[in-house]
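Asker: Pasting the sequence and the predicted model now:
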Amino acid sequence: SQQGEEDPQALSIQEGENATMNCSYKTSINNLQWYRQNSGRGLVHLILIRSNEREKHSGRLRVTLDTSKKSSSLLITASRAADTASYFCATGLMEYGNKLVFGAGTILRVKS
Amino acid sequence: DGGITQSPKYLFRKEGQNVTLSCEQNLNHDAMYWYRQDPGQGLRLIYYSQIVNDFQKGDIAEGYSVSREKKESFPLTVTSAQKNPTAFYLCASSIVSQETQYFGPGTRLLVL
């Protein structure tokens, strides 16, 4: 079964607003990553946060990780129409290499 | 121009036929992965390989086979034993000691 579960399944906002997506997982992890997928395309890595970190920033992206609650959130500030995509969290277990387990994703639509 | 290429972009399979999806990378990555994505769902791991001539089953390996004869190449064969092959197939690669995976553009497999 999938490790990560994302919430909400879909999100529709106006350009300029902030978008927040949440991810919950079930077991211990070494790292949690967020990826973006435009329709019909491959995934693009956005940001990685390790289990000993609580918050990371990259441009308009802010990720938090709460290992006690086994949850993470991705915040996209000042959203743009070009941010329209599906966003996936993936939890990493560095056992044999780095096997990632993906959630079902959040579909974000930014209206201009 | 470095990256991961997948071919073909679309592939049609007839009943009882085996088909092979190509994945090539020139990133000098040791690890390569195959994922399956069904509509509205996250990615599920089919097979992965950390080194040439070695590979491991992922969560949904039944009906699939792989080979890793060269570092750059990790082809996936969808066999006739896979009864529901229609999906979007994504190949990825990574440096073994690092967590981030880099994805190809995907192959969409359809059944005639």
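Answerer: Thanks, I have it. What you see is a predicted model; the values in this text were computed from it and never measured.

Asker: how about the host helix or strand of residue B:36, does it get close to chain A?
Answerer: In this structure, residue B:36 sits in strand B:31-37 according to DSSP states H and E. Yes. Judged by CB under 8 Å from any CB of the partner chain, strand B:31-37 comes into contact with chain A at B:31, B:33, B:35. Every C-beta, even on glycine, is put in place using the N, C-alpha and C of the backbone.

Asker: Tell me if residue A:82 really is in a helix.
Answerer: Yes. Under DSSP: H, G, I helix; E, B strand; the rest coil, residue A:82 falls within a helix.

Asker: Tell me, how many residues neighbour it?
Answerer: Look at residue A:82: counted by other CB atoms under 10 Å in any protein chain shown, it has 10 neighbours.

Asker: Distance-wise, check the closest residue to it other than its chain neighbours relative to residue B:93.
Answerer: In space, and not counting its chain neighbours, residue A:82 is closest to residue A:110: 7.8 Å by CB to CB, 6 or more residues apart in numbering or on different chains. Distance, residue A:110 to residue B:93, by CB to CB, to the nearest Å: 30 Å.

Asker: I'd like the distance from whichever helix or strand the residue nearest to residue A:82 is part of to the chain centre, please.
Answerer: Applying DSSP H and E as the criterion places residue A:110 in strand A:106-111. Chain-centre distance of strand A:106-111: 13 Å, with CA atoms, centre = their mean, to the nearest Å.

Asker: what does that strand contact?
Answerer: Applying CB atoms under 8 Å, 6 or more residues apart in numbering or on different chains, the contact partners of strand A:106-111 are A:6-15, A:17, A:19, A:21, A:76, A:79-88.

Asker: about what we covered before: between residue A:110 and residue B:93, which one's more packed in?
Answerer: Between residue A:110 and residue B:93, counting by other CB under 10 Å, residue B:93 is the more crowded of the two (25 against 20).

Asker: what's the residue lying closest to that one once chain neighbours are set aside in contact with, if anything?
Answerer: Sequence neighbours aside, residue B:29 is the residue nearest to residue B:93 in space, at 3.9 Å (criterion: CB to CB, 6+ apart). The neighbours of residue B:29, taking CB under 8 Å, 6+ apart as the test, are B:71, B:93-96, B:102.

Asker: Around chain A, pick out the residues from chain B.
Answerer: Applying CB under 8 Å from any CB, one finds that chain B approaches chain A through B:4, B:6, B:31, B:33, B:35, B:40-45, B:48, B:50, B:56, B:58, B:88, B:90, B:92, B:94, B:96, B:98-106, B:108.

Asker: Can you pull out the low-pLDDT segments for chain A?
Answerer: Across chain A, the ranges flagged by pLDDT under 70 are A:1-3, A:94-97.
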